[in-house]
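Undergrad: Need the 3D shape of this:
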Amino acid sequence: MKAIQARAAGDPDVLALVDLPDPEPGPGELLVEVAAAGVNFIDTYRRSGVYPVPFPHVPGSEGAGRVVAVGDGVADVAAGDRVAWSDAAGSYAERVLVRADRALPVPDGVPDDVAAALPLQGMTAHYLVASTFPLEPGHQVLLHAGAGGVGLLLTQLAVSRGARVVSTVSTEEKAELARAAGAAEVIRYDQLEDLTRELPPLVREATDGGAHVVYDGVGRATFDASLASLRRRGLLVLFGGSSGQVPPLDLQRLNAAGSLFVTRPTLGDYVATTEELRERGSALFDAVLDGSLDVRIGARFPLGEAAQAHRDLEGRRTTGKVLLEP
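TA: Residues are numbered from 1 along each chain as shown. Prediction:
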């Protein structure tokens, strides 16, 4: 099979298209022919060495496709079934092994590309608004990177729960996408000279005194502004670090700023059981089928152009979901 492989940590140029043996499913595993693989920031962290992985390394953990073989002990999935997944290592390939208990059944009516675009970013958006800070009518939300893959999905889910969303974006095109997803206010942070000083007053004005919750997947560049944009006893949810990792935090800052809360969640802890995983997946697929959730696929690349997909993602030149299609 064809696959993307990095022989050592580095920039996107380390990614190369290679021939590898077809994997064989072991007990409890599915062999899946990949229809599309999701491209995510965590893939770039692993490729670059920010998150240590053994090399040579086949990136990717998300995708959708059709089962071609099952291993011993698999009873609830059969060859020919369509599945999606968020945590199958080596998904930048024509075929991948997926644990049967981590596979999401894809219902009829959900196309392969949409199914591949939803698991990681969709379930992230779902746990953020439904579990980390369960949004209710009247909540004021600040969301960074509102036109990104998580951002567009989170905005729609938040608005459906009655929350009001203020998004930050970097271009007018992204501002239009954020508004179309339901953002009540959009702030162009590229037009601010000092984000930490200038953003919080704009947010306080737009949210009648500050956000109840800030969803921050950007990290180092936005963290201080995020803290300063919260109202008393507000929660900062740091769920990513696309601009770099946040330095250690002096907890006294939370006291001085109004008894604030900070959490650093990860998807794995919100889909720890098969039941919870499939509940979140089903909720997203149901929303697609009933028309209440629109999944924007902003860019598609052939498998062999994975390096360019990484360059565009890291260069903030993408909106919505980025896919590789073998």
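
Undergrad: Show me what whichever helix in the chain runs longest is packed against.
TA: Using DSSP state H, we find that the single longest helix of the chain is helix 274-289. Other helices and strands packing on helix 274-289, by 3 or more Cβ pairs under 8 Å, 6 or more residues apart in numbering; DSSP states H and E, are strand 104-105, helix 119-127. (C-beta placed from N, C-alpha, C; glycine too.)

Undergrad: Go through it and flag the buried ones.
TA: Going by neighbour count (16 or more other Cβ atoms under 10 Å), the buried part of helix 274-289 is 277-278, 280-281, 284-285, 287-288.

Undergrad: Mind listing residues that contact it?
TA: 84, 101-102, 104-107, 109-110, 114-115, 118-119, 122-123, 126-127, 157, 160, 270-271, 293, 295 (Cβ atoms under 8 Å, 6 or more residues apart in numbering).

Undergrad: what comes up buried for stretch 30-45?
TA: Neighbour-count burial for stretch 30-45 [16+ other Cβ under 10 Å]: 30-32, 34-45.

Undergrad: how about the spatially most central residue of the chain, what does it touch?
TA: Among the residues of the chain, Gln121 comes closest to the average C-alpha position under Cα atoms, centre = their mean, at 2.8 Å. Neighbour list for Gln121: 38, 40, 149-150, 153, 321 [criterion: Cβ under 8 Å, 6+ apart].

Undergrad: Of all those residues, the one with the weakest confidence?
TA: Scanning the contacts of Gln121 for pLDDT, the low point is Gly149. It has 89.

Undergrad: How about that residue, nearest residue that isn't a chain neighbour?
TA: Gln121 (4.3 Å; Cβ to Cβ, 6 or more residues apart in numbering).

Undergrad: That neighbour and Leu293: what is the separation?
TA: 12 Å (Cβ to Cβ, to the nearest Å).

Undergrad: Next: Arg253.
TA: Here Arg253 is placed at a distance of 36 Å from Leu293 (Cβ to Cβ).

Undergrad: So between the two, which is more surrounded?
TA: Neighbour count, other Cβ atoms under 10 Å: between Arg253 and Leu293, Leu293 has more, with 23 against 13.

Undergrad: Grab the nearest non-local neighbour of that one.
TA: Ala287 (3.6 Å).

Undergrad: same thing with Glu94?
TA: Nearest residue to Glu94, sequence neighbours excluded (Cβ to Cβ, 6+ apart): Met1, at 4.2 Å.

Undergrad: The one you found touches Arg95, doesn't it?
TA: Yes - assessed by Cβ atoms under 8 Å, Met1 is found in contact with Arg95 at 4.9 Å.

Undergrad: got any residues that touch both of those two?
TA: Residues touching both Met1 and Arg95 (Cβ under 8 Å, 6+ apart): Asp22.

Undergrad: When those two are compared, which one has more neighbours?
TA: A count of neighbours by other Cβ under 10 Å puts Arg95 above the other of Met1 and Arg95, at 22 against 15.

Undergrad: Which residue ranges of the stretch 151-300 of the chain form strands?
TA: Applying DSSP state E, counting those that start in this stretch to the stretch 151-300 of the chain gives strands spanning 164-169, 185-188, 211-216, 230-238, 261-263, 297-302.

Undergrad: got the angle between the longest one and strand 211-216?
TA: Here strand 230-238 runs at 20 degrees with respect to strand 211-216, directions being taken by axes from the mean of the first three to the mean of the last three Cα atoms, to 10 degrees.
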